[in-house]
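Q: test case, fold it:
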Amino acid sequence: MRILSASSFLIAFSLLTTPARAQAPERMSYQAVVRDANDALVTTGPIGMRISVVQGSLQGTPVYVETHAVTTNANGLATLEIGGGQVVSGSMTGIDWSTGPYFLRTEADPAGGTNYSIDGGSQLLSVPYALHAANSGVGPQGPAGAPGVQGPPGQPACATIRAGNAIVLYTSTNAYGFYQSESGGGFNNAQWTSTSLSGTVLGAIACENTIVIYTTTNAYGFYQGESGTNLLNSAQWNSTSLSGNVLGAEANKNQIVVYTSTNGYGFFQGQSGGNLNSAQWTSTSFGGNVLGAASSRHQIMVYTDANAYGLYQAQSSGNFNVAQWTSTSISGTPIDIIPLK
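A: This next block holds a predicted model:
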């Protein structure tokens, strides 16, 4: 059996928003596309999984081990929460993220039992850093936040995300953007702008200037263009419908991609005279089974078992142009993807 990720660096992670007193949330969402020894997707069936957080290297000492019984969907995608399984040894709270590096090792039984087959893993990157920063004791402790209203199963009821000069609060049905525009070189009064969300909310992601919330059916982008001499305009929402089963999202410095089992959707802003233009969506269709995605500072790649698809923006006179997709066919089975940062 092979376990191939549905997101960046072979494994997709995002922090949940379950409150924890004076601590960061101690769960991470995990998705994996599961294939058997014949490279066939293991679809709509139970699988057993063992997840190990390992210190030093993939062959190092496990500091936390848990097991899960999950069911794959029609595309072979398994979804679980690391930190929410049956604990075998260790604890998430006991991990000292400052003494890394740490790696995630995955084992699975396609029959749904505990006859696990080790299938490699990947290094844990940004999420442990966030956990370490939140628990490092730097700065005064703030007041405890109030719990949000219960949302759809598996999704945070209420969450916030920031980018540039804007904040978005989103629930299971609506998104609320908070921002300030500029005039005469100064910030104007802050304003709200909202949009309703269709479908089941799956997540949110931000780059430096834009925010995207994505559901099972649509993606909603929030942005501010510029005019004059880098003066921020009123914030706007720009949405697109999604085709296929949503697998994940990637962001870099100035682009965001939401990708499904059949398509990639890029959200970006071009520039004119040094000012950011209105944000746009651009899409491409995929050939083959999606295996993962990764981002560098200015490019995002999504790859399948047959092709690789890259989103990029060229520049003219120092300004970023309209984003474009470009693809190439690949030979052999992808082993790993390594982006520059």
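Q: list the buried residues in stretch 93-110.
A: Neighbour counts over stretch 93-110 (16 or more other CB atoms under 10 Å) mark Ile95, Trp97, Gly100, Tyr102, Phe103, Leu104, Arg105, Thr106, Glu107, Ala108, Asp109, Pro110 as buried. Every C-beta, even on glycine, is put in place using the N, C-alpha and C of the backbone.
Q: nearest to Val88 among these?
A: Nearest to Val88 among the buried residues of stretch 93-110, counting by CB to CB, is Glu107 at 11.3 Å.
Q: any idea how far that closest one lies from Asn75?
A: 21 Å (CB to CB, to the nearest Å).
Q: which strand or helix spans the residue positioned nearest the centre of the chain?
A: Centroid check for the chain by CA atoms, centre = their mean gives Ala249 as the closest residue, at 4.5 Å. Using DSSP states H and E, Ala249 maps to strand 246-251.
Q: any idea which helix or strand comes after that strand?
A: strand 255-260.
Q: now whichever helix or strand comes after that following strand: buried residues?
A: Downstream of strand 255-260, the first helix or strand assigned by DSSP H and E is strand 263-272. Neighbour counts using 16+ other CB under 10 Å place Asn263, Gly264, Tyr265, Gly266, Phe267, Phe268, Gln269, Gly270, Gln271 of strand 263-272 among the buried residues.
Q: listing partners with orientation, what would you give for the strand holding Ala249?
A: Each strand paired with strand 246-251, and its direction, by DSSP bridges: strand 255-260 (antiparallel).
Q: report the distance from the strand it pairs with to the chain centre.
A: For strand 255-260, the separation from the chain centroid amounts to 9 Å (computed by CA atoms, centre = their mean, to the nearest Å).
Q: can I get the CA coordinates of that strand in CSV?
A: Extracted in CSV, the C-alpha atoms of strand 255-260 (Å, rounded to 0.1, in the frame of the first residue of the first chain):
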residue,chain,number,x,y,z
GLN,A,255,-1.0,33.6,-5.1
ILE,A,256,-3.5,31.0,-3.8
VAL,A,257,-4.5,27.8,-5.4
VAL,A,258,-7.5,25.6,-4.4
TYR,A,259,-7.3,22.2,-6.1
THR,A,260,-9.8,19.4,-6.6
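Q: what angle sits between that strand and strand 263-272?
A: Strand 255-260 runs at 160 degrees relative to strand 263-272, counting by axes from the mean of the first three to the mean of the last three CA atoms, to 10 degrees.
Q: let's have the chain start at 176 instead
A: Let's use 176 as the start, then, which means that last one is strand 430-435.
Q: list of residues touching strand 430-435?
A: 380-382, 385, 387, 389, 394, 396, 417-426, 439-443, 461, 465, 468, 470, 473-475, 477, 486, 488, 498 (CB atoms under 8 Å, 6 or more residues apart in numbering).
Q: of those residues, keep whichever come out buried.
A: Among those, the ones that count as buried by 16+ other CB under 10 Å are 380-382, 385, 387, 389, 394, 396, 417, 421-426, 439-443, 461, 465, 468, 470, 474-475, 477, 486, 488, 498.
Q: contact partners for Ser504?
A: Counting by CB under 8 Å, 6+ apart, Ser504 has contacts Ala481, Asn482.
Q: which positions in stretch 489-503 come out as buried?
A: Neighbour-count burial for stretch 489-503 flags Asn494, Phe495, Ala498, Trp500, Ser502 (criterion: 16+ other CB under 10 Å).
Q: ok, residues contacting it?
A: Outside stretch 489-503, the residues that reach it (CB under 8 Å, 6+ apart) are 429-430, 439, 441, 443-449, 455, 457-459, 482-488.
Q: repeat that for stretch 388-397.
A: By CB under 8 Å, 6+ apart, stretch 388-397 touches 338, 341, 343, 345, 350, 352, 370, 372-380, 385-387, 410-417, 420-421, 424, 431, 433, 440, 442, 454, 456.
Q: how many other residues sit next to Thr219?
A: Thr219 has 11 neighbours, counted by other CB atoms under 10 Å.
Q: which strand or helix spans the closest residue to it other than its chain neighbours?
A: Spatial nearest neighbour of Thr219, chain neighbours left out: Ala249 (5.7 Å); criterion: CB to CB, 6 or more residues apart in numbering. Using DSSP H and E, Ala249 maps to neither a helix nor a strand.
Q: could I get the full set of helices for the stretch 276-425 of the chain?
A: Under the criterion DSSP state H, counting those that start in this stretch, helices of the stretch 276-425 of the chain are mapped to 301-310.
Q: still on that earlier bit, how far does the strand holding Ala424 sit from the chain's center?
A: 5 Å.
Q: mind listing residues that contact it?
A: 181-183, 187, 206, 208, 250, 252, 377-378, 380-382, 387, 389-391, 431-436, 465, 468-470, 475, 477.
Q: how about stretch 233-248?
A: Contacting residues not belonging to stretch 233-248 are listed as 209, 216-230, 253-255, 257-267, 269-270, 277-278, 280, 287, 289, 295-296, 420 [CB under 8 Å, 6+ apart].
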